[in-house]
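Trainee: From the sequence below, what's the structure:
(chains A and B)
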2 protein chains.
Amino acid sequence: MNWKLLVIPAAASALFGLVGLTILARADSTPTADTEGSPVFGVTLPPGYRNWQFVSIAHEEGDKPDIRVILGNDIAMKAYRDGTVPFPEGTIIARLAYKYEPSAQNNAVFGRDQSFVAGEPTNVQIEIKDAKLYASTGGWGYGQFENGKPNPSEKIVNSCFACHTKLPPATDLIFTKYSQ
Amino acid sequence: MNWKLLVIPAAASALFGLVGLTILARADSTPTADTEGSPVFGVTLPPGYRNWQFVSIAHEEGDKPDIRVILGNDIAMKAYRDGTVPFPEGTIIARLAYKYEPSAQNNAVFGRDQSFVAGEPTNVQIEIKDAKLYASTGGWGYGQFENGKPNPSEKIVNSCFACHTKLPPATDLIFTKYSQ
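Mentor: Down below sits the predicted model:
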């Protein structure tokens, strides 16, 4: 056997691997990405989060009613679909909230007031699983972003864990369940 | 140089390549996909629609309140982001609706009744742009699916266009606007 015959496939495979990784990295980039981090946690807005897959949706009433979608990176989606709890290292969950608004257009079509849609974006919240880095907050780091920039309030970002930690331990401090 | 040292990386790289391709192929398949078509239009449930990108969200009140997400295939997402109207051939928009339910878990954490989440799936509606095939319905074909199967009711599927055609022409008969 000629060892040169083995060098070529090895080199080609390595090259293919690099090309594959480059494509994956590009597919995961978003122009709104920002390198600034949140207070306390240093969490940044992950590149490409707007293109992530859909986990579920919710509507919150209260002083500032919103309608929100929850998206997950590939690690999050696999964990949700496999039912893996606690979520694995590298899980990132993005919560995109919008003003909750009646739709004049839709209500005119339906002939009655029944339709509520997403208005302007309010903020994006990110949580990242890193069991060592965020050991004191259940393994999760938090950040809130407006217009692509981290909200600088320590009070706001500290309120994330203060709220999530009230969830039952079986949730791994995650509010959202996966919608089929 | 020992040639055995090259066999292992070559074999490992080839195996990695196969595993990678298998993962990619699986990512685009959906267990609920079905080859049966809707009445009137013959629209089928597109493979992988559950993994498509997020367009927007809405809540519909009325007799059967639901909360719904709208996802789009790559052609739809590009058109939405570029502001292309009418939508190009091959656009597919998927509307996934869920029962609208208060969340006992979230309300317990928040200390008040404010949170509504997605319950069980109700149905998935699909619309596909094919200007020739669906010339008599504004270029759009429609289908409604429950548990991955097309709803066999002609009345239901005909009601899609009857409703969408009431929208202003500038919408290209699409209710949903893109959420940033």
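Trainee: From now on I want contacts and neighbour counts done on CA atoms only, so please keep to that.
Mentor: Fine.
Trainee: Pull the residues that contact the helix or strand encompassing A:V109.
Mentor: Per DSSP states H and E, A:V109 falls inside helix A:104-110. The contact list for helix A:104-110 (CA atoms under 8 Å, 6 or more residues apart in numbering or on different chains) reads A:D113, A:Q114, A:S115, B:C163, B:K166, B:L167, B:F175.
Trainee: Downstream of that helix, the next helix or strand is which one?
Mentor: Next along the chain after helix A:104-110, taking DSSP H and E as the criterion, comes strand A:115-129.
Trainee: May I have the beta-bridge partners of the spatially most central residue of chain A?
Mentor: For chain A, the residue nearest the mean C-alpha position is A:A94 (2.2 Å; CA atoms, centre = their mean). Beta bridges link A:A94 to A:L71, A:I126, judged by DSSP bridges.
Trainee: can I assume it is in contact with A:N123?
Mentor: No - assessed by CA atoms under 8 Å, A:A94 is found out of contact with A:N123, at 10.4 Å.
Trainee: related to what we said a few turns ago, drop anything exposed from the contacts of helix A:104-110.
Mentor: The neighbour-count criterion (16 or more other CA atoms under 10 Å in any protein chain shown) marks A:D113, A:Q114, A:S115, B:L167 among these as buried.
Trainee: lowest-pLDDT helix or strand in chain A?
Mentor: When each helix and strand of chain A is scored by mean pLDDT, DSSP states H and E, helix A:4-27 comes last, with a mean of 43.
Trainee: After that helix, heading C-terminal, what element do we hit next?
Mentor: Per DSSP H and E, the helix or strand that comes after helix A:4-27 is strand A:53-60.
Trainee: buried set for that next one?
Mentor: A:Q53, A:F54, A:V55, A:S56, A:I57, A:A58, A:H59, A:E60.
Trainee: and chain B, which of the residues you listed reach it?
Mentor: Here is what survives when these are matched to chain B using CA under 8 Å from any CA of the partner chain: A:Q53, A:F54, A:S56, A:I57, A:A58, A:H59, A:E60.
Trainee: gap between the residue nearest to A:K129 when sequence neighbours are not counted and B:T137?
Mentor: Nearest residue to A:K129 in three dimensions, chain neighbours excluded: A:W140, at 4.7 Å (CA to CA, 6 or more residues apart in numbering or on different chains). For A:W140, the distance to B:T137 (CA to CA, to the nearest Å) stands at 50 Å.
Trainee: neighbour-wise, which of these two wins?
Mentor: More crowded of A:W140 and B:T137, by other CA atoms under 10 Å in any protein chain shown: A:W140, with 27 against 19.
Trainee: just to revisit the earlier point, save the ones next to chain B among the buried residues of strand A:53-60 as a markdown table, and put in pLDDT too.
Mentor: Formatted as a markdown table, those follow (pLDDT from 0 to 100):
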| residue | pLDDT |
| --- | --- |
| A:Q53 | 98 |
| A:F54 | 98 |
| A:S56 | 98 |
| A:I57 | 98 |
| A:A58 | 98 |
| A:H59 | 98 |
| A:E60 | 97 |
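Trainee: Can you pull out the low-pLDDT segments for chain A?
Mentor: For chain A, applying pLDDT under 70 flags the ranges A:1-35.
Trainee: Repeat the analysis, applying 80 as the threshold.
Mentor: Filtered on pLDDT under 80, chain A yields the residue ranges A:1-36.
Trainee: Distance across stretch A:101-120, terminal residue to terminal residue?
Mentor: 9 Å.
Trainee: Run the chain-centre distance for that stretch.
Mentor: Centroid separation between stretch A:101-120 and its chain, computed with CA atoms, centre = their mean, to the nearest Å, is 28 Å.
Trainee: Stretch A:60-75 too?
Mentor: The chain centre lies 10 Å from the centre of stretch A:60-75; the measure is CA atoms, centre = their mean.
Trainee: Endpoint to endpoint, it covers what distance?
Mentor: Where stretch A:60-75 begins and where it ends lie 26 Å apart, using CA to CA.
Trainee: buried sites along it?
Mentor: Applying 16+ other CA under 10 Å to stretch A:60-75 flags A:E60, A:P65, A:D66, A:I67, A:R68, A:V69, A:I70, A:L71, A:G72, A:N73, A:D74 as buried.
Trainee: Likewise for stretch A:87-97?
Mentor: A:F87, A:P88, A:T91, A:I92, A:I93, A:A94, A:R95, A:L96, A:A97.
Trainee: Out of the residues you listed, give me the two with the largest separation.
Mentor: A:P88 and A:A97 (24.7 Å; CA to CA).
Trainee: what about A:P121, distance to B:I93?
Mentor: In terms of CA to CA, A:P121 sits 22 Å off from B:I93.
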